[in-house]
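# Structure here, sequence nowhere to be found:
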């Protein structure tokens, strides 16, 4: 039996959540939107709204995805919360996602993802940490959401 859901069972609306909606969840949102086009509605939010991260924008630009218009938002600020699936990328966000499942018909998945903002060293070493997160999310999203028509690779 396949580990990925058939197209009929694929979520129609996905929310990616992390702590501040400035690095991991916007990357994941942009990657799934890039791969899925209009096949899946995608949003991202954080437990708190942080500041846009220039390193995240730079590594996404390297693969042709523009994050420059991303405005971080908190889960509590979401206009619409009718998602089929919430994928949390940090422990605090996963706790919030589980709370959402108590009152709404939402599935929750936890994808532990390192926070590249803790990286130290030269600019290139820091960018490498962001690239590692970007590439890991890209691979995981492609595996989790079998999509037709887009076969982009990182």
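Sure thing, it's come through. Values in this document were obtained by computation on a predicted structure and should not be read as measured data.

# Please spell out the segments of the protein that come in under the pLDDT threshold.
Within the chain, the segments meeting pLDDT under 70 span 1-8, 148-154.

# Quick check, central residue of it?
residue 28 (2.5 Å; C-alpha atoms, centre = their mean).

# Tell me how many other residues surround residue 125.
Using other C-beta atoms under 10 Å, residue 125 has 10 other residues around it. In this view, the C-beta of every residue, glycine as well, is placed from N, C-alpha and C.

# ignore the last one, residue 44
27.

# looking at this, it is in a strand?
Yes - counting by DSSP: H, G, I helix; E, B strand; the rest coil, residue 44 is found in a strand.

# In the longest helix anywhere in the chain, which residues are buried?
Of all segments of type helix in the chain, defined using DSSP state H, the longest is helix 123-144. Going by neighbour count (16 or more other C-beta atoms under 10 Å), the buried part of helix 123-144 is 126-127, 129-131, 133-134, 136-138, 140-142, 144.

# same thing with stretch 92-105?
So for stretch 92-105, counting by 16+ other C-beta under 10 Å, buried means 93-94, 96-97, 100.

# Now do the SS call for the nearest residue in space to residue 93 that is not next to it in sequence.
Distances taken as C-beta to C-beta, 6 or more residues apart in numbering place residue 17 nearest to residue 93, at 4.0 Å, with adjacent residues excluded. With three-state DSSP as the basis, residue 17 sits in strand.

# Since that was my last question, I'll sign off now.
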